[in-house]
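Q: return a 3D structure for these sequence lines:
(one chain, ligands or ions: 1)
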Amino acid sequence: MGILNVGTNNDIQESHFYRHLIHKKIISRIFHRFSSKKIRTAIFNLLKKMGFNHEKSYKMIDISCGYDDLIIELAQKFRNSEITGNDLCDKQLLSIPRKAKINNITLTKRNILSNEFCETETYDLIICKNTLHHLPRSDQLYLLRKLIRTGKNVIIVEIENPLKSSLSAYVWNFYYRKFLGDDGSNFLSRFDFFNLISRSNNENPTTKIFLSDLKTIKGNYMFALVRNKIRIPNQPNLGEND
Ligand SMILES: C[S@@+](CC[C@H](N)C(=O)[O-])C[C@H]1O[C@@H](n2cnc3c(N)ncnc32)[C@H](O)[C@@H]1O
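A: Model (predicted):
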């Protein structure tokens, strides 16, 4: 496993580190089958339907992987592929299994909102999961446009506003905010999400968009898959903050 630019030990001691450790090792193991496992299964089913072949070699990135096990599962299933797990925080280090031999993951620590991010690289698959609500509205559109230019296939997964959807979603959000110090608050309604996805796609009319939902114990997750039939080259960042 390669680790690029992941910072110092001090960075690893980020706020609430031990709480995140407890969450990862205990809470999420108890509840994962009711939420994160369901989402991962849905993503792998989607990849199968899209024709991704385990034996082939792809370039894939989870742009804000946190310590979700998705990159580990991708790396184990797609052994010949190059998997990048990016996140601004070092939380991603929590997902590295101590014993499993995984040599096709690279961890990076880049700001997805920086101009350099995704300006020159291209990917067969980009995953943006549970990230949009951490970004200001104008940056959500800026990021999605950039991802859609950069990836042949882009999967976006976002929780429907947990403050307005169900009691269990509300309670889980309370736990994330109060116990884990989660500061994401720019939640999207279903309408806003679907609207945002269609607005982010208007530069390339050859893309195809598929939308769906998945109910979990933590709330309703909204899925968007954007497939580029013909890729257009990356263009300079002009007036995208509308
Ligand atoms: C709610 S977590 C989701 C993590 C993971 N994708 C998942 O589904 O479990 C949001 C993640 O986005 C990362 N993030 C937020 N803003 C970012 C930025 N500008 N650049 C890179 N990562 C960012 C946070 O550090 C955090 O790990």
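Q: closest residue of the chain to the ligand?
A: Taking CB to the nearest ligand atom as the measure, the point where the chain comes nearest the ligand is residue 66, at 2.8 Å. In short, each C-beta sits where N, CA and C put it, glycine included.
Q: next helix or strand past the one helix or strand residue 148 maps to?
A: Using DSSP states H and E, residue 148 sits within helix 137-150. For helix 137-150, the following helix or strand on the C-terminal side (DSSP H and E) is strand 151-159.
Q: and residue 146, how many neighbours?
A: Using other CB atoms under 10 Å, residue 146 has 22 neighbouring residues.
Q: show me the contacts for the closest residue to it other than its chain neighbours.
A: In space, and not counting its chain neighbours, residue 146 is closest to residue 118: 5.2 Å by CB to CB, 6 or more residues apart in numbering. Residue 118 makes contact with 112, 146, 147, 149, 150, 234, according to CB atoms under 8 Å, 6 or more residues apart in numbering.
Q: okay, now the fourth one: neighbour count?
A: Close neighbours of residue 149, defined as other CB under 10 Å, add up to 22.
Q: quick check: it vs residue 30, distance?
A: Distance of residue 149 to residue 30, given as CB to CB, to the nearest Å: 40 Å.
Q: so the residue nearest to residue 146: helix, strand or coil?
A: Three-state assignment for residue 118 (DSSP: H, G, I helix; E, B strand; the rest coil): coil.
Q: flag the shaky bits of this structure, pLDDT-wise.
A: Across the chain, the ranges flagged by pLDDT under 70 are 1-14, 91-100, 204-206, 230-242.
Q: please list the residues of it that sit near the ligand.
A: 64-66, 68, 87-89, 91, 111-113, 129-131, 134, 184 (CB under 6 Å from any ligand atom).
Q: hmm, which two among those are most spread apart?
A: 68 and 113 (19.8 Å; CB to CB).
Q: and the two? Which one has more around it.
A: Higher neighbour count among residue 68 and residue 113: residue 68, with 24 against 13, using other CB under 10 Å.
Q: so the more buried one is in which element?
A: Following DSSP H and E, there is no helix or strand that holds residue 68.
Q: that one against residue 37, yeah?
A: No - the criterion here is CB atoms under 8 Å, and residue 68 misses it with residue 37 at 10.8 Å.
Q: what is the burial count for residue 21?
A: That count, for residue 21 with other CB under 10 Å as the rule, works out to 13.
Q: dump the residue contacts of residue 112.
A: The contact partners of residue 112, by CB under 8 Å, 6+ apart, come to 63, 64, 86, 88, 118, 131, 143.
Q: any chance of the residues you listed in TSV, plus secondary structure?
A: What follows is the contacts of residue 112, written out as TSV (three-state DSSP):
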residue	secondary structure
63	coil
64	coil
86	strand
88	coil
118	coil
131	coil
143	helix
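Q: show me which of the residues you listed are buried.
A: 63, 64, 86, 88, 118, 131, 143 (16 or more other CB atoms under 10 Å).
Q: burial check on the residue nearest to the fourth one when sequence neighbours are not counted, number of neighbours?
A: With sequence-adjacent residues excluded and distances taken as CB to CB, 6+ apart, residue 88 is closest to residue 111, at 5.7 Å. Other residues within reach of residue 111 by the criterion other CB under 10 Å amount to 11.
Q: fine by me, thanks again.
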